[in-house]
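J.: return atomic coordinates for the entry below.
(chains A and B)
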Amino acid sequence: MRATRVAGMVAVLGLLLGAAACGGGTPEAKPSKDKGNGKLEIWADPKRTAALKPFADQFGKENGVTVTIKEVAQDLQQNFVTASQQGSGPDVVVGAHDWIGNLVQNGAVDPVNLTAQQKSSFEASAIKAVTFNGQIYGAPYAMENLALIRNTELAPTAPATIEDMVKAGQDLKAAGKVSEIMCLQIGAQGDAYHIYPFFASAGGSLFGTTSSGDPDPKNVTVGSADSVKAFTKLKELGEKGVGALKTSIGSENATPTFASKKCAFLVSGPWAIKDVKTGGIKYDISPLPGFAGGKKATPFLGVQAFYVASKAKSKALAQEFVANYVTNKDVAKALYDAEPRPPALTAAIDMVKTSDPDLVKFLNAGKDGFPMPAIPEMSAIWGPFGNAEVAVVQGQDPAAAADAAQKAIMAALKK
Amino acid sequence: MRSGFVITRVLVLGVAAAALLYAVPPLVKTGAWVALAVLALATAGLTYLYLTKRHVPAKYLVPGTVFLLVFQIFPVLYTFTVAFTNFGDGHRGSKVDAARAIERESLVEIPGAPDYALTVATDSSGKVVFLLVDRETKRVQVGTEEGLSDLDGAEISLTGKVIEAKGYEPIPAGERDAEVQALAVPTNRGAIKSSGLSRAIEFEANRKYDLACDCITDKVSGERWVADETKGYFVNAKGDNLIQGWRVNVGFANFTRVVTDPNISGHFATVFVWNFAFAALSVLLTFALGMLVALTLHGGRLRGTPIYRILLVLPYAMPAFAMLLVWRDMFNADFGLLNRLLGTHINWLGSPTGARFGLLLVNLWLGFPYMFLVTTGALQAIPRELGEASRIDGATAWQNFRRVTLPLLLVPLSPLLIASFAFNFNNFNIVRFVTNGGPYPVDNNLVGKTDLLITYTYRLAFEGGSGQFGFAAALSTFIFAIVATISAIAFRRTRAQEEIFS
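T.: Have a look, this model is predicted:
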């Protein structure tokens, strides 16, 4: 009898949970057209949340509203789009500018209206990065790009060309001072972002350009003759060639290998500096060298930005926060202090550049960088390009690799 | 006793009713009437069931059934229905959402229009209006959905905020946001809309959705994009589409794509064979090793058995995710522990055989402690007299194991082995973290040599572009059918076996 009762109790509670789960999953649920009751919700990744907190509180106080910041540690973009769609998303989200294409095709963010004066207060490349289909979709606050970080004890002078760098690395290796010629992450799946500057310097390209100078997704050029030549150059640097590029160096071991003085050159960005400093290395930062007689080694330029969710429940507050508040140089400075990526506001750069020489060097390295295309088609590039990169680095035929990548990208774009 | 019985029921059903009622307001608010009806019926049914003295078996069966419905049947049916749509990135919302997003994107500031300082206020009838101050001329106007009209005698601050105006009441920041966003003050060139709390901009919409032709028209170029309900896109005469799409039903398109797309069906057989071999070998090897160790320790001739047991269970106790990454790094050609220990320079994960061997090795290491544990348990239940009897009859140790111990072990363990097979058949984590499907042939970045159907599906659906949930659902349906068939056959055979040995 007692057992029956216990089972009954358990059962009812179980049913409750079941019903609740059912109710939650009902597709009829639509986003509530709530009137904004003075609440602003911001989603950001863990690094950003702590830095934002004081400014969010201040914004709340100034406008008499409550601001909550939610930390999303994993897959912020996907989580934002999904939650937004269901009407449970935030008012403001913080993320990289190459999300814009996907966010726009899902109708998840609204254009941000900056005044002409505001626009001119940003670095021009940052504004270009967040512009999509002629509209500015986010307020930029930080920029990042690759540079060459070198161990000045091992390599006192910055190499002028890739050939110089490889030569220096080979000499150090022969002298037994390092185990790797250089640290450029590739990994088993390839890494288009990190190899791109070298690929571009050798004359390779991903897309043609439209008449307005934007990347043209209809004209994929990964398989073009120039790109094949570039892949051939990478093959020469690869495992069957001089051995400077290796698939055994990936995202997990590139910086640690450099920090433990096993290579003199690291191709990485501002995010690697913390680990390099922890390693206690004397280092310097210089622009990425190109091939002798080749084009400039142009890195991708990435921009971190604030976005206004199109399904925001307090859109006026969100617009105010994004367009007028985070475009403030003190906020940019605080975010810089939390994580040292160069600010996008010219005034904020001026504030920090005296105290941080690295920042100027990274900016200088990114001077010719080209904003990573924000078009959704970009996601079709990474896989096939990485696969071709791995193949040529391992010594396979560049023409076949480039051709296969071209076909795979076209097939992915056609879907 | 009797009162306790009543009290528990009242208490439990009270909590149930309260919790169910808690769900009513949000459902009413969003107009989810079907869900509400289901909820009401469920509550009524539950109340009846647990108040009546009859239907005692149902009292036990209902909870399990509900869990089955919610956690098994519902996800399967949901996946199945999604498989008939184009749900995915670019096709997440409704057509209305897509059209609105296109209109919003086409809003451009009218060049040379005044820069308005905005104060949101309510008029005497409580309607939301804009109090607009031209920052240059300081002219104050009221904007309503009818248009602009001049406002005299307003007191404005230095920043252009209206502090006081007769007949209008400024409202606090962020209040009545939906109405503020909806208000567009018509002007002869476009409309004035709010942008944040303190600024209003005169916009012109270049693209407009027209219900009559179910199309988007561009005012500047005159181009038209007509809604295509089979694709979920607005398409122009050239066949190009606007990137904002919506979710539509695509019938069997996702299923036919699985069968007809050479990128998918062309590799299905090879992936399937490796997938099957991986699952079968994983079960076989882990079971063989686990059983061997269990038999060794079961003999009782070894000293320090508990210590061995603890040591053997360690791999099982460590977080598998971290271990998978550690294993991946151990396989690294230049920096890995394996090559250093062996003094070799083998690119383990770079060749198909090496990578497949590596995966099986990792899975063996991760999986045998479980088999060891369950076999140890099952061994305890086999009476030792059986072994002794067969020995007296002259059976060798091998015969004893083969004819007595193993069959008796398999009776309780078979279902576990089938479950283990089904688990390994879809062992996403190990492939994803150790090899990520690689190595890949140069001409194919979609199907690697160690890909399982599940990792392959994941890549097709989420990496070769953006998230394609509809297509992923169709592929999942196929995998579900395969695993269900294999499990059904296996269970049938076990039943036959049980009949022989019990």
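J.: show me which residues of the stretch 251-400 of chain A sit near chain B.
T.: Taking Cβ under 8 Å from any Cβ of the partner chain as the criterion, the neighbours of chain B within the stretch 251-400 of chain A are A:252-253, A:257, A:310, A:312-317, A:319-320, A:323-324, A:376, A:379-380, A:383-384, A:386-388, A:390-391, A:394, A:396-397, A:400. Where C-beta positions appear, they are placed from N, C-alpha and C, glycine not excepted.
J.: which of those are buried? Put it as a ChimeraX command.
T.: For selection in ChimeraX, the members of those meeting the burial criterion (16 or more other Cβ atoms under 10 Å in any protein chain shown) are listed in this command:
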select /A:253,257,310,312,313,314,315,316,317,319,320,323,324,376,379,380,383,384,386,387,388,390,391,394,396,397,400
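J.: how about low-confidence regions in chain A?
T.: For chain A, the stretches flagged by pLDDT under 70 are A:1-37, A:415.
J.: now the strands for it?
T.: Assigned by DSSP state E, chain A shows strands spanning A:39-44, A:66-71, A:92-96, A:109-110, A:131-132, A:135-136, A:139-145, A:147-151, A:207-209, A:215-220, A:265-268, A:283-286, A:300-309, A:370-371.
J.: parallel or antiparallel, list what pairs with the last one.
T.: To tie it back to what came earlier, the one meant is strand A:370-371. Taking DSSP bridges as the criterion, strand A:370-371 forms sheet pairs with strand A:300-309 (parallel).
J.: cool, and the fifth one?
T.: Sheet pairing for strand A:131-132, assigned by DSSP bridges, gives strand A:135-136 (antiparallel).
J.: export stretch A:370-377 to CSV, keeping only CA atoms.
T.: The C-alpha trace of stretch A:370-377 is given here as CSV (Å, rounded to 0.1, in the frame of the first residue of the first chain):
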residue,chain,number,x,y,z
PHE,A,370,41.2,42.9,-45.9
PRO,A,371,38.0,42.5,-43.9
MET,A,372,37.0,38.9,-43.8
PRO,A,373,34.0,38.6,-46.2
ALA,A,374,30.8,38.6,-44.1
ILE,A,375,28.8,36.9,-46.9
PRO,A,376,27.2,33.6,-45.8
GLU,A,377,28.9,31.9,-48.7
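J.: what about B:Leu46, which SS state?
T.: Three-state call for B:Leu46 (DSSP: H, G, I helix; E, B strand; the rest coil): helix.
J.: around it, how many other residues sit close by?
T.: Other residues near B:Leu46 number 22, with proximity taken as other Cβ atoms under 10 Å in any protein chain shown.
J.: ok, it touching B:Ala16?
T.: Yes. Between B:Leu46 and B:Ala16 there is a contact at 6.2 Å, judged by Cβ atoms under 8 Å.
J.: end to end on stretch B:68-88, go ahead and measure it.
T.: Between the start and the finish of stretch B:68-88 there is a gap of 27 Å, counting by Cα to Cα, to the nearest Å.
J.: what does that stretch rub up against?
T.: Residues from elsewhere that reach stretch B:68-88, judged by Cβ atoms under 8 Å, 6 or more residues apart in numbering or on different chains: A:18, A:21-22, A:25, B:91, B:231-232, B:245, B:247-255, B:461, B:466-471, B:473-474, B:476-477, B:480.
J.: whichever of the residues you listed end up buried, select them in ChimeraX.
T.: Buried residues within the contacts of stretch B:68-88, by 16+ other Cβ under 10 Å, are selected in ChimeraX with:
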select /A:18,22 /B:91,232,245,247,248,250,253,254,255,461,466,467,468,469,470,471,473,474,476,477
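J.: residue ranges with poor pLDDT in the stretch 301-450 of chain B?
T.: For the stretch 301-450 of chain B, no stretch is flagged by pLDDT under 70.
J.: how about the helices of it, start to end?
T.: In the stretch 301-450 of chain B, the helices defined using DSSP state H, counting those that start in this stretch lie at B:305-317, B:320-330, B:337-342, B:352-380, B:384-392, B:397-400, B:406-425, B:428-430.
J.: out of those helices, which is closest to chain A?
T.: Judged by Cβ to the nearest Cβ, the one of those that comes nearest to chain A is helix B:320-330, at 6.6 Å.
J.: pull the number of nearby residues for the one residue in the stretch 101-250 of chain B that gets nearest to chain A.
T.: Across the stretch 101-250 of chain B, no residue is closer to chain A than B:Asp177, which sits at 2.8 Å (Cβ to the nearest Cβ). Number of residues near B:Asp177 (other Cβ under 10 Å) recorded here: 27.
J.: write out the residues of the stretch 101-250 of chain B neighbouring chain A.
T.: Near chain A, the residues belonging to the stretch 101-250 of chain B are B:101, B:104-105, B:107-109, B:115, B:120, B:172-181, B:194-199, B:201, B:243-245 when assessed by Cβ under 8 Å from any Cβ.
J.: which helix is the longest one in chain B?
T.: When chain B is scanned for its longest helix (criterion: DSSP state H), the result is helix B:262-298.
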